[in-house]
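In: Structure here, sequence nowhere to be found:
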């Protein structure tokens, strides 16, 4: 089964009706049958963005509690790989959430990253491999 690795953009767009990608994100979530996995830094970024845009981050908790999205990453276990990625892409610069998702795509090689972030078109797993994406055109 192919996993979907969730980035901040689609999560924030899903719960924020004023987000430019809201309709797209809702449609994508409805179509997904695969497990949706993410990491704590994505959750933190989404809560921050929601609050910054006048929303309430509490709307995220029922989604996590329902099991529709699962936290499936240990920064402690992948610290060296994540810091190496952030060093490699320091010119972007790469966020912690992005580095964790790139590392997750290395561990779960059959996964795609569900994102609105254009940086993922530039990032590579294992240094050279294009990361499969689910993103707006």
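Out: Arrived safely. Bear in mind that the values here come from a model prediction, so they are computed numbers and not experimental data.
In: Now do the residue lying farthest from the centre of the chain against residue 18, distance only.
Out: In the chain, counting by CA atoms, centre = their mean, residue 54 sits farthest out from the average C-alpha position, at 21.3 Å. In this structure, residue 54 and residue 18 are 9 Å apart, going by CB to CB, to the nearest Å. Using the backbone N, CA and C atoms, a C-beta is placed for each residue, glycine as well.
In: Next: residue 31.
Out: Distance of residue 31 to residue 18, given as CB to CB: 22 Å.
In: Tell me which residues of the helix or strand of the chain with the lowest mean pLDDT come out buried.
Out: The weakest-scoring helix or strand in the chain, judged by mean pLDDT, DSSP states H and E, is helix 61-66 (a mean of 92). By neighbour count with 16 or more other CB atoms under 10 Å, helix 61-66 contains the buried residues residue 63.
In: downstream neighbour of it in the secondary structure list?
Out: Sequence-wise, the next helix or strand downstream of helix 61-66 (DSSP states H and E) is strand 69-71.
In: ok, that next one: who's next to it in the sheet?
Out: Neighbouring strands of strand 69-71 in its sheet, by DSSP bridges, are strand 36-38 (parallel).
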